[in-house]
Structures are given as C-alpha cells and as structure tokens.
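> Here you go, sequence then predicted model.
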Amino acid sequence: MVIQKDFFKDVYDVVRLIPKGRVTSYGAIANYLGDKRGARMVGYAMNAAHQQIPAVPAHRVLNRAGLLTGKHHFAHQNEMQELLESEGLVVNNEQLVDFNLYFWDPNQELNL
DNA sequence: AAGGTGACAGTTT
DNA sequence: TAAACTGCCACCT
C-alpha cells in the first residue's frame, strides 16, 4: 500500500505538529480527530509511522499516564527515551517526568 | 470470510 | 486509593 487511510494521514499530520520538547497522548489526538474512542487506532497508526516520510516524531506521543508504551516498537528500545531527552525532556523509569507540564493538546494549542 | 490482536482510555470492583 | 476489566475500531492471518 503506497498511502494510508485519511485517518492515519491525519494522525501523522497532528503528530508532526507537536512542537519540539512537547508531548501528547493518543487519546488527545483521537479526540482532536473527533474519534474519542479511537485512541487504540491512533496507536495502531503509529505502528506504521516509522515508514512515513518525513519521519513522524512518534517519540512525542505517549499514553495517558505519560508512559513510553511504544518504545518497544522503535529500532532501538532506548531510541524513544534518547530522543525525548535530546529535546530537553526527562524520562524516569519508562515514564516522562512532569508529563502534565509538557502535555500538548491539539484541541487547545490548535484552537480548533 | 471470520476471528484475534493491539504504541489506549474510561469505568467499576 | 489502587488494581483489574471492558469497550473500541482498523489491520492482519
């Protein structure tokens, strides 16, 4: 498949809009897309994010608790944490410190 | 064609 | 208060 469904494309677009040093949650993206129940679909979409061009900053997308649930899907399991730390964020035991502080809500920031 | 899985989230016990 | 279960919808076998 050359392209992905619009839902996936929209997910990637939103993720690419996340500012450097900020993070968001799957549910927030799903909510922005209007599918509050589609949080799992967002995560599934991210599963194919690695083959998207330009690369989608999937490392900025965490779960509701701020856990790096998807780090296992990266080329290197520490890649996600390294990238987050590279952006000035702090990760402790698979969890982002002050997740709420760095949280980036598309519905709020994009002022839908 | 049908069933099972999954980078989540909300509700209930 | 913390832990566990169910609900959801698209993709894969």
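Cool, the structure landed. For clarity, every value in this text was computed on a predicted model and none was experimentally measured.

> got a list of contacts for the longest helix along chain A?
Looking across chain A with DSSP state H, the single longest helix is helix A:6-16. Here helix A:6-16 makes contact (CB atoms under 8 Å, 6 or more residues apart in numbering) with A:3-4, A:24, A:29, A:32-33, A:35, A:38, A:41-42, A:45-46, A:48-49, A:52, A:54, A:56-58, A:60-61, A:106. The C-beta positions use only the backbone N, C-alpha and C, and glycine is treated the same way.

> and what of stretch A:65-81?
Everything outside stretch A:65-81 that qualifies as a contact, by CB under 8 Å, 6+ apart, is A:23, A:43, A:46-47, A:50, A:58-59, A:61-63, A:84, A:91, A:94-96, A:99-100.

> just how off-centre is the longest helix of chain A within its chain?
10 Å (CA atoms, centre = their mean, to the nearest Å).

> Same check on stretch A:78-95?
Its chain's C-alpha centre and that of stretch A:78-95 lie 13 Å apart, by CA atoms, centre = their mean.

> same question, stretch A:35-47
So, by CA atoms, centre = their mean, the centroid of stretch A:35-47 is 10 Å from its chain's centroid.

> With stretch A:59-70 instead?
On CA atoms, centre = their mean, the centre of stretch A:59-70 falls 7 Å from that of its chain.
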